[in-house]
Every structure is written in structure tokens, then in C-alpha cells.
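Asks: sequence and computational prediction follow.
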Amino acid sequence: MSYALERARHRRRSRVPLLIVGGLLVALAVGAATGGASAVSAACGSVTMRPRALGGDTLLTASGGQPLGYVPTSQNRELVSTAEMSSWLPRATVDVEDRRFWQHGALDALGIVRSAFADLKAGHVVQGASTITQQLVRNRYLDGKPMTASRKLTEACLAVRLYRQWPRSKILNEYLNTAYYGHHARGVQAAAWTYFSRPASKLTLTQSALIAGLVQAPTDDDPLVHPGAARRRRNEVLGAMLAAKSITPARYRAARAAPLHLRPGDHYGGVRSGPFFAAARAELQQRVGAGATRHGGLHVQTTLNSRLQRLAQHAIGNWISAPGDPASALVSIDPRNGRVLALATRAPGVKSLDFDLATQSRRQAGSAFKVFTLATALEQGISLNSTWNGPPSLTIPDPRCENANGPWDVHNFADETSGTMTLADALAHSVNTIFAQVAVKVGPENIVKTAHRMGIRTKLTPVCSITLGPEGVSPLELTDAFATLADGGVRHAPEFLRSVTRDDGTAVALPSHARRGVRALPPQIASSVTSALTGVIRHGTATAAAIGRPAAGKTGTAENEADAWFCGFTPQLATCVWVGYAQGEIPMTALDGFSPVVGGSVPARIWHDFMSPALAGRPVEPLR
């Protein structure tokens, strides 16, 4: 049998199901229009109506509502009501896609008859004459597979059911929010931002016509790739609007002659406030799941204070700016609830890092770790007024402290002093040889337990040198620990999220975080540690951090000056500043005239430059 004869036989066979489907569709249309529920039920049988999850973009904002950015997703979608769209958009869409939308029901009988004849002539299903309701069903309830006769019938059945459940206005609004417009834009709001860098409410007639025309062939009529085809399609839409008398002939002529006026934007990929955005997104994913984070269309209000974030970036930039300068990170927390109010980093000359300096890096805390030794000592009954001798160097004979070179040999270095003094003064002047003795007395394992209670999440090894901060911790967790002291010994887990709501305004529960806080230290112990830490600023290693109100803090300088810290607090704000090279533990031999760089130099000054304006205008409160 010849190929031509075989094709002719196939066409004759295919016309039978097409005739049947065409007849059923017309019957459905007539039955639905005349209220024939039994006819519709008989034709549709047990067709089920299960919507596909299209999702939407999740937007993160600062606590004041300023946008931080959208969570990256495969398709951008932002729900808006028709009242939030340019009035041209619904009109253009109806005129070009379904001119009789407001007159017919779910199906258009006249259109079906025309489509059936076209199907018969072509010998296969032609996707024409679909109403907006049918297109919505295709977008929302079907899986995008090629259209067949049976799927055409299923689409029609679902359209009839949807039409009975929803008013036309809701069907149109849903369609405008689910149609695909190319370049990952699903819905008119995403399309408006993608092609014109403005919301759907601000679209002009010509812009609305272009977007309305993209639905049928978003790739072929892509205005960013095929502007000529896009303009021809836009003008077809304008012609449909003229025929429907939605626009006057004069307006039609002016709009038809207008250029595209494209202004592609990065609305869904821009802003994103660096490491804070990444940390907030990670917490959101942990608490609501990856799917809801990427596709849930959530509105997330974070804890970020935009003013404090700008102050943090400015304070770092005052001292860290040249390509050869080290990096810096600043984290600021509200100690009363654990909310992260500012999180800024800067790494001059470093193009990219595989980790975030504020939340993921682990750097030696140096003498800032003496805070945990002091808290442990006070809990064991050792007084701040107890007297200790701290020579420039000291050999610790305790066998627990031996290393590969034998007994532990401790030295005072950097900005530290020596001599006989009280434990409080030993903290103020950061005397290594005294705190080595205290660490042996209280037990390294107990110091580790105290650090973990106060907020250090990193696993620590209970060695004698733990008091000198040889193990890496992140700026976030060290800030958390100092915030525990600021709130009188109560630890609040750091939080990046204030609230999460869905598109309809309903709140999303955020499990797992205990907002009331957990007591890590007895009140009197926390108060005594805080009292000792005030001496660090008043007359110790961090006089440069003084801000003219009660404050407490501690410097930290790692061996070889590879890391330098200052962490301090008032009752309203706990802040840590780290300075060091992002590439690794490289000695900081000089920066802005400071050689070497230690905790009491650049970090203390960055802290001062942030805290002074951050607390300006706020009441002076006594330390707890």
C-alpha cells in the first residue's frame, strides 16, 4: 500500500473520534448554557479537578518593609487582583483571547463548531476557539501534555465545573495570574516587571497589548529576542481592541505607531542584601521547608533594621576599603529577643567566597573567649576581687595541658599586660598567664559547657588553651553569646524572621524557635561578668570603644594577629566586629597606622562608629 493511501485511511479513521468529540463539546456547551446539569454529568463522568501547584515568588523584606529580594525560583509569579492591574490589561486579554467572554458560558458553542470544522479539515486537533475558562483549566489543572481528543473533552468538562463554581471576574483574574508570558514570567505582574520594570498597575495601553499578545506564543513573539514579531503581535491585539470598540480609531493609530518601549528589569534577581538575605532564606527553608520557600509565594518580614544595616556598612567602610585591606564582619542583635538587626561584611579585593564571613566562617576568637572562663570561675565561687599573679610568661605543669612540645608554655602578647592584679583587672587587661591558671582551676570541659550554654554552637575541644580562643567560631554565634550577658544571662536563639504570611494575608506558623529565651547563667553571675567587662572599655584594652553611655565588651586577638575582635553590648544592642583576611589566617601587620592590628584598635573603632549612631536618641539604660 502506498504512503499516500495509508495517510488517507488514517485521516478517515481519525475523523470519527473528532466528530464524536466535536459533537460532545457542542452538547456540553449547549447543556451548560441552558442549565442542563444531567447532560454535563453524563458527558464528563468521573473527571476529577485537582489544581496543579503553580506557586509564586517569595519576597523577603526588612522589618520596615523595604524589599531585600526574591528567593530564586524557576518561574516568577506574583499574585495581584484586577484592581491592581492597569485597566487595559483585562480588556486587551479578553478582546484578543475570548471576545465573547462576558456573554457565553464556560464554552463557546459557535467557536467550537468553527474549531471542529478546522479539526476535520486538518485531520487532527487544532487548538483554537478555547475560551479563557478553558485556557485557565489548561494552565491550572492539566499537566501541559500535547492536546488530544480525550484531553480536549476533559478540558471542556473542567471548564464547565469551574464556571459553575466561580464568577467570570474571578476566572479572568485567575487567568491573568497563571498565564505564561515568557522569560520565567507567569502572571501579568511578573511579565510587567520582566519586560517594563514596572508593576502591572502602571502599564500603558501599548505595554498591556504587548503582554496580552504573548500568551499564544511567548517564545516566537519574545520581544527581547524577536522585537519585530512582538510588535506585529501587539498590533494584532490593538486591532482586536479596535474591533471590540475598547479603543477609538485615533488611539489605535497612535498606539500602533508607538515603539515597544521595552525596559527589561532584574526585579526578581536584584536587591538581595548579601549575607543577611542568605541567612534569612536558610532559616526560612529550615522552618517552613524548601518547597514553600521557593514556590510558596510568601511575604517574609525579616528582622533586619535598614538604618542599622546602613550604619554597619558605613562603619566598616570607614576603616576597611582598600584592595589590600583585610576583611571585616559585623553582627548586631537585639539581646531581648535574639533578632538579628544588622549583618554586614566587606572583603576588599576578594571577588567571591564559598562561605559567608558573618555566619559560616570559623575564626579564632582569641581573648574574647576569656568571658566564658570568667563566667565559669564565678559560678564555681571564685571572686572578681581575688588576686592573681600574671608574669609575662608562665609554664603550666598540669599534665592535662601538655602538648607535643611538653608542658604548656603561656605568654602575654598583643595588647596585654602583666603583674599582680585582681581577676577583674586581669580581664580588663586580657592577661593570658592569669586566665591560663584560672582555666586549669575551673576545668576546660566546664568552660566549653558554659560557652555552649551562652550561644556558641561550634563543637569545641576541652583543652587548657580553650580560654585563649584557639578554636574557630563565627561572628554570629559570638554575638549571640555576648547578647546572653546583655539580657542578664538569658539566651535567645538568633532569629532572622519576624513574620511570614501567604498571598491571602494568612499567617504561616514558624515552629521550633523558643521566643521566651532560656536561662544560661544565673542573674548574679551574668551581672558580675558584665561588671568586669565594663572595665575593658573604661580603662582596659578597648578604651577606643567608649560611646558615652554604660557599655561592656571584650577584645580578642588571635596568635600572630591573624584575627582581631571586639564584642560589646548595651541593654538594647549586642554587637561583634571581626577583622581578618578572608583567604585565611594571615597576620595583619598594618592597617590605618595600626601595626599590628589587635582587638582594641580597628575592631573597637568600627564597633564605636556603629554603636554611637545606632543608639543615638535612645534612652540611656543601666547594664543588667
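Replies: Thanks, I have the structure now. Here the structure is a predicted model, which means the values were calculated and not measured.
Asks: from Arg138, how far off is the residue nearest the centre of the chain?
Replies: Nearest to the geometric centre of the chain sits Arg281, at 3.6 Å (CA atoms, centre = their mean). For Arg281, the distance to Arg138 (CB to CB, to the nearest Å) stands at 33 Å. Placement of C-beta: from N, CA and C, glycine included.
Asks: and what of Ile132?
Replies: 10 Å.
Asks: residue boundaries of the helices in the stretch 451-600 of the chain?
Replies: Remark: helices assigned in the stretch 451-600 of the chain by DSSP state H, counting those that start in this stretch are 475-486, 523-538.
Asks: check contacts around Met86.
Replies: Actually, residue 86 is Ser. It isn't Met. The neighbours of Ser86, taking CB atoms under 8 Å, 6 or more residues apart in numbering as the test, are Ala200, Ser201, Lys202, Leu203, Thr204, Gln207, Ser208.
Asks: just Thr194 next, same as before
Replies: Counting by CB under 8 Å, 6+ apart, Thr194 touches Asn76, Tyr181, Gly182, His183, His184, Ala185, Pro264, Gly265, His267, Tyr268.
Asks: among those residues, which pair sits farthest apart?
Replies: Gly182 and His267 (15.1 Å; CB to CB).
Asks: from Gly239, how far out is the closest residue to Val94 other than its chain neighbours?
Replies: In this structure, Val94 finds its nearest non-sequential neighbour in Phe101, 4.8 Å apart by CB to CB, 6 or more residues apart in numbering. Plainly put, Phe101 is 18 Å away from Gly239 if you go by CB to CB.
Asks: so those two - more neighbours on which side?
Replies: Phe101 (19 against 16; other CB atoms under 10 Å).
Asks: these two touch, right, that one and Tyr163?
Replies: No. The pair Phe101 and Tyr163 fails to qualify as a contact (CB atoms under 8 Å) at a distance of 11.0 Å.
Asks: and the residue nearest to Val94, what element?
Replies: Of the helices and strands defined by DSSP states H and E, none includes Phe101.
Asks: phi, psi of it?
Replies: Note on Phe101: backbone dihedrals following degrees, to the nearest 10 are phi -50, psi -40.
Asks: need the contact list for it.
Replies: Going by CB under 8 Å, 6+ apart, Phe101 touches Val94, Thr131, Ile132, Arg168, Leu172.
Asks: try Ile320
Replies: Listed by CB under 8 Å, 6+ apart, the contact partners of Ile320 are Pro326, Ala327, Ser328, Arg346, Pro348, Val579, Leu591, Val602, Ile606.
Asks: so what pLDDT did it get?
Replies: We have a pLDDT of 94 for Ile320.
Asks: and the one 10 residues further on, by the same measure?
Replies: In this prediction, Leu330 carries a pLDDT score of 98.
Asks: now for it: which residues touch it?
Replies: Applying CB under 8 Å, 6+ apart, we find Leu330 in contact with 312, 315-316, 342-345, 358, 475, 575-578, 606-607, 610.
Asks: for this structure, give me the ranges with low pLDDT.
Replies: For the chain, applying pLDDT under 70 flags the ranges 1-49, 53, 111-129, 143-147, 149, 270-273, 352, 354, 414-417, 511-515.
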